[in-house]
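S.K.: Next one to model:
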Amino acid sequence: MKPIPQGSCPTCDALWRKYAHATAEHVKLLAESQVVVITRDKARDEKLAVEIADAGQRRESARTAIREHEAAAHKDVESGRNAGD
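M.R.: A predicted model of the protein is given here:
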């Protein structure tokens, strides 16, 4: 499927922002987990494991929402036509 140009679909833009935020949070937590390994903070390590799993799930859910929206709202884009044409 061809990407939808930014600004042409407010729903796509909002979903991609949600995905970007979820990805940034997931990466931040993964980096923090590396510090926790070095400092050997077992309590924080256990809490981070849960936070990382939750962030990963939010990231995957956001990506799934993008795929579903694009398939439903922009199915004609794949063939080179805009959904409104």
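
S.K.: where in this structure is pLDDT low?
M.R.: In the predicted model, the chain carries pLDDT under 70 at residues 1-3, 77-85.

S.K.: Let's see that with 50 instead.
M.R.: 81-85 (pLDDT under 50).

S.K.: Would you mark the buried spots in the longest helix along the chain?
M.R.: Across the chain, the longest stretch assigned as helix under DSSP state H is helix 42-73. Neighbour counts over helix 42-73 (16 or more other CB atoms under 10 Å) mark 48, 51-52, 55-56, 58-59, 62-63, 66, 69-70 as buried. Heads up, the C-betas are built off the backbone N, CA and C, glycines and all.

S.K.: same thing with stretch 12-27?
M.R.: Quick answer for stretch 12-27 (16+ other CB under 10 Å): 12, 15-16, 18-19, 22-23, 25-26.

S.K.: List the ones among the residues you listed that fall in helices.
M.R.: Using DSSP H, the buried residues of stretch 12-27 in helices are 12, 15-16, 18-19, 22-23, 25-26.

S.K.: Show me which of the residues you listed is closest to residue 76.
M.R.: For these, the residue nearest residue 76 by CB to CB is residue 12; the value is 14.2 Å.

S.K.: The residue nearest to the closest one when sequence neighbours are not counted: what secondary structure?
M.R.: Of all residues not flanking residue 12 in the chain, residue 4 sits nearest, at 4.8 Å (CB to CB, 6 or more residues apart in numbering). With DSSP: H, G, I helix; E, B strand; the rest coil as the basis, residue 4 sits in coil.

S.K.: if we can go back for a sec, next, format the ones in helices among the buried residues of stretch 12-27 as JSON lines and append distance to residue 38.
M.R.: Converted to JSON lines, those look like this (distance: CB to CB, whole Å):
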{"residue": "12", "distance to residue 38": "40"}
{"residue": "15", "distance to residue 38": "36"}
{"residue": "16", "distance to residue 38": "34"}
{"residue": "18", "distance to residue 38": "32"}
{"residue": "19", "distance to residue 38": "30"}
{"residue": "22", "distance to residue 38": "26"}
{"residue": "23", "distance to residue 38": "24"}
{"residue": "25", "distance to residue 38": "21"}
{"residue": "26", "distance to residue 38": "20"}
